[in-house]
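[1] Got a predicted model here, sequence first, then my questions.
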Amino acid sequence: MSWSPCFHCADQVAKFLATHCNVSLLIFSARLYCFWDEWVQENLRRLSQEGAQMAAMSFQEFRECLEKFVDNDGQPFRPWKKLYRNYRFQNAMLQKILRSTSLSENIFRFQFNNQQRIKKPHRSRRTYLCYQLQWFDGREPLRGYLQNKRAKHAEILLIDMMRSMELGQVQITCYITWSPCPTCAQELAAFKQDHPDLVLRIYASRLYFHWKRKFQKGLYNLWRAGVHVDVMGLSEFTDCWTNFVNQQKPFKAWDRLEGNSRSIGRRLSRIRESWGLQDVINSFGNLQLTPPLP
């Protein structure tokens with residue numbers, strides 16, 4: 001490609017790869033398109049997460065492109081001035097973008113925003129999960145962030161990563177844009193039960209389909225398994241900002257952040273109370289108030 005994919009094209013190709021697991025994609029680009037734009041960078045990383053391999057065009061790729069697609073009367077490829085220097089810059093910049101482990105400010109403020117409605121431009125609010133794993137033996141915390149990818153939600157990706165490690169007594173704190181779906185909630189609950197010494201805390205910016213009973217039940221199953229599930233407030237947004245976005249610049253709250261957190265928190269409390277009451281009702285229903293008949 002003469003230019004690397006733009007924001008919209010990278011988004012569409014990533015969606016295509018997510019639903020076509022039999023497709024392998026290798027992209028060589030001569031130049032990086034708007035590589036300074038945070039949204040372009042984020043979708044290039046998303047492309048990589050969906051399995052696309054990306055690199056800048058080197059002398060070899062330019063030569064192969066000429067031989068396969070250019071009518072040049074069999075003449076050999078002659079590199080232009082600064083081809084090697086430009087290639088090194090383009091490739092180093094692309095790999096730096098793909099290796100980034102911290103969120104940009106704009107993406108954090110958009111994806112983690114707890115407002116019900118979002119302002120234009122309209123972009124989809126996806127699942128981002130920032131995790132911090134703390135050992136109790138003094139080792140440095142392990143931090144990173146995950147996004148949904150090929151048929152696997154970010155929560156399942158986290159579980160897969162944790163299962164490959166020797167955990168023992170650790171504390172995992174997760175900040176997530178959307179509360180877990182029923183399937184992810186079930187898997188997280190099972191993971192916690194398999195690791196009784198694990199302290200797992202999940203703070204959600206927004207509740208995902210909170211009005212549907214199966215989603216409510218998923219949250220309640222997490223509580224019953226001993227997982228701490230709560231809503232992100234100002235302190236959690238500040239901690240997420242400090243550890244995953246910008247350690248130098250103080251976090252500045254958006255309009256109605258605390259009001260939205262309280263409102264979402266009340267919804268979550270009602271879910272927990274209603275399902276706790278349902279357990280009590282079921283327990284009473286199973287009681288035998290009179291001796292069994294002979």
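    Cool, got the structure.
[2] From now on I want contacts and neighbour counts done on CA atoms only, so please keep to that.
    Will do.
[3] where along the stretch 151-294 of the chain do the helices fall?
    For the stretch 151-294 of the chain, the helices defined by DSSP state H, counting those that start in this stretch cover 154-163, 182-194, 213-224, 234-244, 257-286.
[4] I'd like to know how many residues surround residue 170.
    The number of residues packed near residue 170 is 17, by other Cα atoms under 10 Å.
[5] now swap in the one 3 residues further on and tell me
    Other residues near residue 173 come to 19 when the count uses other Cα under 10 Å.
[6] Residue 126 too?
    Neighbours of residue 126 under the rule other Cα under 10 Å: 14.
[7] Does it touch residue 154 like I think?
    No - assessed by Cα atoms under 8 Å, residue 126 is found out of contact with residue 154, at 10.2 Å.
[8] overlap in contacts of these two?
    147-148 (Cα atoms under 8 Å, 6 or more residues apart in numbering).
[9] Excluding chain neighbours, what is closest to residue 142?
    residue 133 (5.0 Å; Cα to Cα, 6 or more residues apart in numbering).
[10] Kindly confirm my reading that that neighbour is in a strand.
    Yes - using DSSP: H, G, I helix; E, B strand; the rest coil, the secondary structure at residue 133 is a strand.
[11] OK, contacts around residue 47?
    10-11, 13-14.
[12] Could you list which of the residues you listed belong to helices?
    Members of the contacts of residue 47 lying in helices (criterion: DSSP state H): 10-11, 13-14.
[13] Would you reformat those as a markdown table and include neighbour count and pLDDT?
    Output for the ones in helices among the contacts of residue 47, formatted as a markdown table (neighbours: other Cα atoms under 10 Å; pLDDT from 0 to 100):
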| residue | neighbour count | pLDDT |
| --- | --- | --- |
| 10 | 21 | 88 |
| 11 | 17 | 84 |
| 13 | 17 | 90 |
| 14 | 24 | 84 |
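[14] low-scoring pLDDT stretches of the stretch 51-200 of the chain, where are they?
    99-101, 119-123, 150 (pLDDT under 70).
[15] And the pLDDT at residue 223?
    Here the pLDDT value assigned to residue 223 is 93.
[16] Sorry, wrong one. I was asking about residue 278.
    As predicted, residue 278 sits at a pLDDT of 61.
[17] same question, residue 226
    Value for residue 226, per-residue pLDDT: 93.
[18] again, but for residue 281
    49.
[19] for residue 5, same thing?
    Model confidence at residue 5 (pLDDT) stands at 92.
[20] what sits against it?
    33, 44.
[21] Walk me through the domains of the chain.
    Domain ranges of the chain: 7-99, 105-113+123-285, per automatic domain parsing.
[22] Minimum distance to residue 1: which of those domains has it?
    With Cα to Cα, the closest approach to residue 1 among those belongs to domain 7-99: 4.6 Å.
[23] how distant is that closest one from the center of its chain?
    24 Å (Cα atoms, centre = their mean, to the nearest Å).
[24] Equivalent analysis for stretch 196-212, please.
    Distance, centroid of stretch 196-212 to centroid of chain: 14 Å (Cα atoms, centre = their mean).
[25] Please identify the buried residues of it?
    198-208, 210 (16 or more other Cα atoms under 10 Å).
[26] Which ones among those residues map onto strands?
    199-206 (DSSP state E).
[27] What's the local residue count around residue 193?
    Going by other Cα under 10 Å, the residues that sit close to residue 193 add up to 14.
[28] So it is in contact with residue 223, correct?
    No - using Cα under 8 Å, residue 193 is not in contact with residue 223, being 11.6 Å away.
[29] on that earlier part again, may I see the domains of the chain arranged in TSV, with distance to residue 1 as well?
    Formatted as TSV, the domains of the chain follow (distance: least, Cα to Cα, whole Å):
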stretch	distance to residue 1
domain 7-99	5
domain 105-113+123-285	24
